[in-house]
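Engineer: Have a look at this fold, sequence not included:
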């Protein structure tokens, strides 16, 4: 047998033996030990390679190639075996590191916005989307703004101290505004048309408190004055509002009414959202099929003239609603005093910031 | 206004179902508040006569009443006292039904009661449940009470808006209904002429023709006062008016029918049958029909005779000339009074009657002759009387009917839908306005029963409501550039931030009292004591406008604690009211208030519980205001309502905006709140004013920052903030941030001292900072602190 043949035989034997040995290792340490034994500097493969020098050139080349292949095969076997061990170890680590994801998270306590705030914002945002801005006026108001400018006669019964809080020492000239309507006058006085504003704010009446009445409550007023504004525009605007707040599938209707500061005036009903206008023994609308939500009308020319607008050229509409009432209807609250008690058991129903 | 459909049909045919009528009224501006069917659920109640009344042997407040309904005599036990033998009363026999009640034989305190006698409220006729309903004397025994009282009727309870006095009478409502249904209106005709009697007429003198432009007086002779005929009494009862006598009932009936209030005087108690309408003398006294002696004012209009005032014009009659059983001659008054005067006197005296409610809104001067004649006719029929032919009608300056012009195209412009001039005219005519169709305009003559129609827009409204608002199209106006102002957005951000920090938003009352400030322990010279007071508060607890949000928030907190919700964090953003020396109106600054007690976080599996304390509340406040760009700082303060050593003034920049602190333990005690409750209150105006405009970004640093830590030991009394200020002031240009990260007392730190550890961030624009740079900064800062506070570097 030539040297070359001998070397080839040795290489083949080494390969078989090594692969068997690698397969027999139990862990990464044993594998590393085996690798050094097989491929290390003093290992058989090195000594076989050093025997290549004795061979003739062509033999050296072919045997050398065999040696390379054997080495590659052994390395592949080692790598494969290593991967087996590494995978097993990772699996163990994952098990050791397992957490119970159902445990409560580290929550940040979040408070709540008051339902009156939320309702107010919701309504304001609807009108902001329709091109309105937000106006403001004093709650302690001159009787001239609360009444005279709004076309209430000097003897109008609603001025009675039985119903209105007057400020001491003011000779009934200063009062707690009974509605947000004076803001209409203040806004018109402060700028020329066009005007598109909503005015949310507190108002006051000397009502005995009961589930539907408070002596202080929140109203939202709207005012649009421009050339060519019609009562149809009022209807369209309030329809947009009512659909947004109460639902798209509900009709609204205008019922003629009377307010000194609008003409024609109307009250607006929305179809009962509990019974969808079917009536019957519905507890929300008491069978009436409609629920009153606000008062509105075309701005009375008296007001436009009062602030010095051209009442022929400009027309406008105004509307006013009770925020408590809208919030109570929207959230199924049957006693509006809840809104002012600040009982956390009530408020936390409205958790979140939306 | 309660409208009986049966009665209504005297004037107009109602040929639609009730539900349709209700809808038509609703949609034309006369809201139907309720539909009442008074006879519903009432069965077997009959007219009975009281035969005998004997005391109940076992109960002082009950009696045994023997009655007969035409058949057998029965005995019932009764608690009422307002009747006598011979009265006709409603008797619910055994087996009869009342709403929610079936009549059976019962034993009451040992005596058998076979049935029940009914009050007006049990029958739903009146609200009176103090006694039995006494039926008209001519009622037939055994007759069905439901039929007798017209209870098998439908009553519409109408909301009449203040501009429509004409609808405060049946005929006015009928006029509306006729227009809505397209049917004819039938106004009752006056029957045969009054009998001429030869007697001196009544004299009427109008001394104040402005207060009373027209006065009609009828003299009626040979009056026999007695009960009214049954049908009239029944109609009055059904309308909620108690029958009194044939004369008074007739005036009340005409009031309900025409909406015009009348008054009957006993003519023999009117000196010289001479009526004078004048203003009262100062201090003049008049006892009105309700038995109250009233002191009059020269602004009050009175009806008087030459010797004395007889009545408060248009409001209430006087006792001295009241029609009673012995009256034989009556002066019947039908007058038109100026609305303002009636309203003023009514308000001054706190007296509002069916009559004044109508005069206040504006009666119809043209209806006086009809009302008076029809009333006289009823009195003559019922009381066998003879009306005088000489009707006195003082009307010095007749009030002309108003003419109002309507441009039909203006209607279209205001309403937004097409409606022809012809059709507008027809709608106006349907409610008895007199329309002359001219070129381009409608000239409308307005009857006096419609005082509300004064100008064009009133006619537009009339067309709108009669044509129906369901014709309105749904359109949108142009709109403007909508949006929130910077301050409005900031306020929203603030509310969201606070809620996001775990604080619940509250809304509390604007009204309070000085007792709220007492509870907070505020001294008498505290600025919050200067409050706007109400002239007419509803209670002592709410007689002033608040000058602080804290009382409301503290009450809310206490409410929760009392309901065992002990972890409370509340904020409110609202106005307070501060009297202004230079204005009739107070200032109304926007304020943020907060109250904190109990736990901020309860114990979790991860963490220990955390309570609300000064620093937790401070952190909420400074991060919320800081979020708006405010530079908030605190300096210690003392005084109510705070804990003497745990409170601070809050500054935004250079301006004081409020305060924060633990409440004084005594204050907590008074308010039923746990000790350690923290509050803050700051004005938002200055915070909004200091909000930065558009942010300008500086170039990002090109070299890395260096961080150095530094711990100094100082006296306990040195405020942390002043150390921070001194570090900043030490003149290190590279310093970009100072942060306190530790506060330590204890081992290695002498008593009366504390160790404060700061982390400093250094940044140079042109180079990487070296260790030498850091050391130099450290030395410089420590040097400054040593010099200022005697601070020592902690090793």
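Structural biologist: That came in fine, so what should we check first? These numbers were taken from a predicted model, which means no experiment stands behind them.

Engineer: check contacts around residue A:71.
Structural biologist: Residue A:71 sits next to A:39, A:45 when contact means CB atoms under 8 Å, 6 or more residues apart in numbering or on different chains. Any C-beta I mention is one placed from the backbone N, CA and C, and that applies to glycine too.

Engineer: quick one: it from chain B, how far?
Structural biologist: 48 Å (CB to the nearest CB, to the nearest Å).

Engineer: In contact with the closest residue to chain B within the stretch 1-150 of chain A, which residues?
Structural biologist: Closest residue of the stretch 1-150 of chain A to chain B, CB to the nearest CB: residue A:131 (2.4 Å). Going by CB under 8 Å, 6+ apart, residue A:131 touches A:196, B:478-482.

Engineer: Please apply the same query to residue B:674.
Structural biologist: By CB under 8 Å, 6+ apart, the residues touching residue B:674 are B:561, B:566, B:597-598, B:668.

Engineer: so which two of the residues you listed are the farthest from each other?
Structural biologist: Spanning the widest gap among the contacts of residue B:674 are B:566 and B:668, at 13.2 Å by CB to CB.

Engineer: out of these two, which sits in the more crowded spot?
Structural biologist: The residue with more neighbours, out of residue B:566 and residue B:668, is residue B:668; 20 against 14, by other CB atoms under 10 Å in any protein chain shown.

Engineer: shaky segments in chain B?
Structural biologist: Within chain B, the stretches with pLDDT under 70 are B:127, B:191-200, B:389, B:795.

Engineer: which SSE is the single nearest residue of it relative to chain A in?
Structural biologist: Residue of chain B nearest chain A, by CB to the nearest CB: residue B:479 (2.4 Å). Here residue B:479 sits in a region with no helix or strand, counting by DSSP states H and E.

Engineer: With adjacent residues omitted, what lies nearest to it?
Structural biologist: Among residues not flanking residue B:479 along the chain, residue A:131 sits closest, at 2.4 Å (CB to CB, 6 or more residues apart in numbering or on different chains).

Engineer: biggest helix in chain A by residues?
Structural biologist: Counting by DSSP state H, the longest helix found in chain A is helix A:57-96.

Engineer: same question for it, mean pLDDT?
Structural biologist: Average pLDDT, helix A:57-96: 88.

Engineer: buried set for that helix?
Structural biologist: Within helix A:57-96, the residues that count as buried by 16 or more other CB atoms under 10 Å in any protein chain shown are A:59, A:63, A:66-67, A:70-71, A:74, A:77-78, A:81-82, A:85.

Engineer: can I get the contacts of residue B:674 in CSV with secondary structure?
Structural biologist: Output for the contacts of residue B:674, formatted as CSV (DSSP: H, G, I helix; E, B strand; the rest coil):
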residue, secondary structure
B:561, helix
B:566, coil
B:597, strand
B:598, coil
B:668, helix
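
Engineer: For those, give me JSON lines that also has distance to residue A:43.
Structural biologist: JSON lines is the format used below for these (distance: CB to CB, whole Å):
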{"residue": "B:561", "distance to residue A:43": "82"}
{"residue": "B:566", "distance to residue A:43": "77"}
{"residue": "B:597", "distance to residue A:43": "78"}
{"residue": "B:598", "distance to residue A:43": "75"}
{"residue": "B:668", "distance to residue A:43": "85"}
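
Engineer: mind putting those in JSON lines, distance to chain A included?
Structural biologist: Converted to JSON lines, the contacts of residue B:674 look like this (distance: CB to the nearest CB, whole Å):
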{"residue": "B:561", "distance to chain A": "10"}
{"residue": "B:566", "distance to chain A": "10"}
{"residue": "B:597", "distance to chain A": "12"}
{"residue": "B:598", "distance to chain A": "11"}
{"residue": "B:668", "distance to chain A": "18"}
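
Engineer: out of those residues, who's nearest residue B:575?
Structural biologist: Proximity of the contacts of residue B:674 to residue B:575 (CB to CB) peaks at residue B:597, which lies at 24.7 Å.

Engineer: my guess is the closest one meets residue B:672, correct?
Structural biologist: No. If you go by CB atoms under 8 Å, residue B:597 and residue B:672 don't touch, sitting 11.0 Å apart.

Engineer: Show me which of the two is the more surrounded one.
Structural biologist: Neighbours per residue, other CB under 10 Å: of residue B:597 and residue B:672, the larger number sits with residue B:597, 27 against 13.

Engineer: show me the contacts for that one.
Structural biologist: Contacts of residue B:597 by CB under 8 Å, 6+ apart are B:557, B:561, B:566-569, B:612, B:673-674, B:676-678.

Engineer: For it, list each beta-bridge partner.
Structural biologist: Bridge pairing for residue B:597 (DSSP bridges) gives the partners residue B:568.

Engineer: That one and residue B:713, how far apart?
Structural biologist: Applying CB to CB, to the nearest Å, the value for residue B:597 to residue B:713 is 35 Å.

Engineer: Could you pull out the helices in the stretch 201-350 of chain A for me?
Structural biologist: With helices called from DSSP state H, counting those that start in this stretch, the stretch 201-350 of chain A shows them at A:231-246, A:301-306, A:323-331, A:338-341, A:344-347.

Engineer: To clarify, my last question referred to the stretch 51-200 of chain B.
Structural biologist: B:145-148, B:170-181.

Engineer: returning to what we had before: Throw the buried residues of helix A:57-96 into a markdown table and include distance to residue B:180, thanks.
Structural biologist: Output for those, formatted as a markdown table (distance: CB to CB, whole Å):
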| residue | distance to residue B:180 |
| --- | --- |
| A:59 | 124 |
| A:63 | 119 |
| A:66 | 115 |
| A:67 | 114 |
| A:70 | 111 |
| A:71 | 109 |
| A:74 | 107 |
| A:77 | 103 |
| A:78 | 102 |
| A:81 | 99 |
| A:82 | 97 |
| A:85 | 96 |
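
Engineer: out of the residues you listed, who's nearest residue B:10?
Structural biologist: If you rank these by distance to residue B:10 using CB to CB, residue A:85 comes first, at 108.2 Å.

Engineer: The closest one is in contact with residue A:27, isn't it?
Structural biologist: Yes. Here residue A:85 reaches residue A:27: they are 6.1 Å apart, a contact under CB under 8 Å.
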